[in-house]
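> Structural data only, the sequence is not supplied:
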């Protein structure tokens, strides 16, 4: 029967441990799929809440956004990425043309340009300036608004460009130089990114075409590391909270143990110790009394008792005689006191005469000793 009960207990413990493990896994899954923080105990205590959170996890993202909204957001981000890519291409070309014009102008201060280069630089500068003017014509950021500065339009500005017929020539001469400058910058970026390429001396222009994918991979890795750090930070905060709650529970349990068991047992221990000390004290008192009686018995034997009895009787007789003498003297003194002051003078005279007689007898005895 005991073996059956023990087997049942083992099975019950295994079932409880398996349920606890499932609850913990469910809590981790819900915490990972939703912006919530629940524990395994809460999963076991609130099954309806777990069902609700499971349904919500199928409809919203871990950030708390619905799936439809997330799809629209991803589509908008993709469109924004495409527009941003287009704008960046145009911006790079624009900045590169500006930098090319500035470098040409700086070089012209040191080295004289040829007439063709100087004419090319002037034509390119004027075309770029007219293109820039078109960006300042719109008075409102709203594209539907057709109000322009001074009533000018981009077509009217471009019509004032005297170099429109030479645009193919400008493009034919400008594009190779811009490509060469961009290729040099790409090589510099590749050399900065890949130091091994500098050491082995291999050409980096072919590898520079892979630079966007490499940078994208590094950016993706950085984002993953950032998310990993955030997850670790969240897990650390949860672990700290768990440890903190565990410490609080341990402190409350320790306080309960101290107040309920330690202090209660200490009171019982003190009571028992006090009773034991009282018993020991009573025993010591009785032992001291016994030793005292033994000393008395050893001191006062039969012969000693008889002698002490005789001494007692003698002292009693002496005390009786002394009391009688004291009574007689007292009565005599009272009689003397009743005679008055005249008797005092006689007594003093008697004392004086007695002293003189004693002195004369002493002197006479001394005289006799000297004669002999």
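It's in. Small disclaimer: the values here were computed from a predicted structure and weren't measured.
> okay, residue 124: pLDDT?
The confidence metric pLDDT takes the value 75 at residue 124.
> Which strand or helix spans it?
Assigned by DSSP states H and E, residue 124 falls within helix 115-133.
> in that helix, what's buried?
120, 121, 123, 124, 127, 130 (16 or more other Cβ atoms under 10 Å). In this view, the C-beta of every residue, glycine as well, is placed from N, C-alpha and C.
> Stretch 33-49 now?
Buried-residue list, stretch 33-49, by 16+ other Cβ under 10 Å: 33, 34, 36, 38, 39, 40, 43, 44.
> just for the protein, where's the confidence low?
1-19, 21, 32, 62-64, 130, 132-164, 193-209, 263, 339-341, 371-372 (pLDDT under 70).
> which residues of it fall in helices?
2-33, 40-45, 47-57, 67-110, 115-133, 154-159, 167-193, 195-200, 205-208, 211-257, 263-299, 302-339, 341-371 (DSSP state H).
> Which strands or helices does the second one pack on?
Think helix 40-45. Judged by 3 or more Cβ pairs under 8 Å, 6 or more residues apart in numbering; DSSP states H and E, helix 40-45 is in contact with helix 2-33.
> Go again with 10 Å.
helix 2-33, helix 47-57 (3 or more Cβ pairs under 10 Å, 6 or more residues apart in numbering; DSSP states H and E).
> Need the residues that contact that helix.
19-30, 36, 38-39, 49-50, 53 (Cβ atoms under 10 Å, 6 or more residues apart in numbering).
> Quick one: neighbours of residue 181, just the number.
If you count neighbours by other Cβ atoms under 10 Å, residue 181 ends up with 15.
> correction: residue 229
10.
> Show the contacting residues for it.
No contacts exist for residue 229 under Cβ under 10 Å, 6+ apart.
> Just give me the closest of the buried residues of helix 115-133 to residue 302.
residue 124 (152.3 Å; Cβ to Cβ).
> Got a ChimeraX select line for the buried ones in the contacts of helix 40-45?
Of the contacts of helix 40-45, the buried ones can be selected in ChimeraX as follows, counting by 16+ other Cβ under 10 Å:
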select :23,26,27,30,36,38,39,50,53
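> For stretch 223-243, list every residue counted as buried.
Per 16+ other Cβ under 10 Å, stretch 223-243 contains no buried residues.
> Report the distance from that stretch to the chain centre.
Stretch 223-243 has its C-alpha centroid displaced from the chain centroid by 17 Å (Cα atoms, centre = their mean, to the nearest Å).
> Domains in this protein, by residue range?
For the chain, automatic domain parsing gives the domain ranges 38-108, 109-214, 215-286, 302-354.
> How far does the first one stretch from one end to the other?
Yep, that's domain 38-108 we're talking about. With Cα to Cα, to the nearest Å as the measure, the ends of domain 38-108 fall 72 Å from one another.
> For it, what is the distance to the chain centroid?
Chain-centre distance of domain 38-108: 36 Å, with Cα atoms, centre = their mean.
> same check, this time on stretch 303-318
The answer for stretch 303-318 is 90 Å, by Cα atoms, centre = their mean.
> Nearest to residue 115 among the buried residues of stretch 33-49?
residue 33 (71.4 Å).
> Identify the nearest residue to that closest one in space, disregarding sequence-adjacent positions?
residue 57 (4.1 Å; Cβ to Cβ, 6 or more residues apart in numbering).
> Thank you kindly, that will do.
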